[in-house]
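> I'll drop the sequence and a predicted model, then ask my questions.
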Amino acid sequence: MSRSAAFRAVFLGPPGAGKGTQALELAKSLGVGHLSTGDMLRAHVARGTPLGLRAKGFMDAGKLVSDELIIAMVEERLSGDLQSSGWILDGFPRTVPQAQALDKSLGSSGRPLTHVFYFAVPRSELMSRLTGRRTCSSCGAIWNVTSKPTKLAGICDACGGALTHRSDDRPEAVGRRLEEYDKSTQPLLAHYRAAGCLIEIDAGRSPAQVNDQIIAVVKARAV
């Protein structure tokens, strides 16, 4: 088995911690799959699928989508085109029951997790990142009005599409999302710390510095 095929990682952290950016960068560098549950859910919502319609109510209220929906979606992907390759799970698991379901699924196939990265960011920094975030309605590129502005306000530099302020990135929704995170996701740290695979990343720094730390860990703990 190749080194990349043996790489199975989870990226944990609150909304706005930069998990998606770093997961894409690392997946490209290692040549492994990138599975973002957030992107998958938004795609289902946009298409109006049964799963998307059920998930929309949770997302609009700034709440976590139910374990039942997320677990079924992830297990389907991992048993499909990602079964024989390495991968990074971005945004899953978010609760201890999800983590236990993932542990059981991977354990039965003899392919346990190799890395669990936790992205730690101060609350004030998270609020700034999330409320200032804008998403391109055409290509999905993400910008920020303060830290990553576009050349023309409201217009995507990448494709010229219109930028939108997602409902779950508005201040009131951001506060609820972070409260939900603290309540439901923080216990995951204890779960993976007990398993001996939790790696804490200082994600309050620049993306380049965060990437350097991740790469150093991957090299030091090569699988």
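Sure, I can see it. Residues are numbered from 1 along each chain as shown.
> need the helices for the chain, in chain order.
Remark: helices assigned in the chain by DSSP state H are 19-30, 37-47, 50-60, 67-78, 96-108, 123-131, 171-184, 187-195, 207-220.
> What separation is there between the residue sitting furthest away from the middle of the chain and residue 165?
Ranking residues of the chain by C-alpha distance from their mean position (Cα atoms, centre = their mean) puts residue 152 at the top, at 28.1 Å. Separation of residue 152 from residue 165 (Cβ to Cβ, to the nearest Å): 16 Å. Placement of C-beta: from N, CA and C, glycine included.
> repeat for residue 45
In this view, residue 45 and residue 165 are 16 Å apart by Cβ to Cβ.
> Which one's more surrounded, the two?
In this view residue 45 and residue 165 are compared by other Cβ atoms under 10 Å, and residue 45 has more residues nearby, 17 against 14.
> Not including adjacent chain positions, what is the nearest residue to that one?
residue 52 (4.0 Å; Cβ to Cβ, 6 or more residues apart in numbering).
> Quick one: neighbours of the one you found, just the number.
A total of 18 residues lie near residue 52 under the criterion other Cβ under 10 Å.
> which residues touch it?
Remark: with contacts taken as Cβ atoms under 8 Å, 6 or more residues apart in numbering, residue 52 is in contact with 41, 43-46.
> Can you verify my assumption that residue 177 contacts residue 15?
Yes - with contact defined as Cβ atoms under 8 Å, residue 177 counts as touching residue 15 (5.1 Å).
> Spell out which residues are contacts of both of the two.
Both residue 177 and residue 15 are contacted by residue 130, under the criterion Cβ under 8 Å, 6+ apart.
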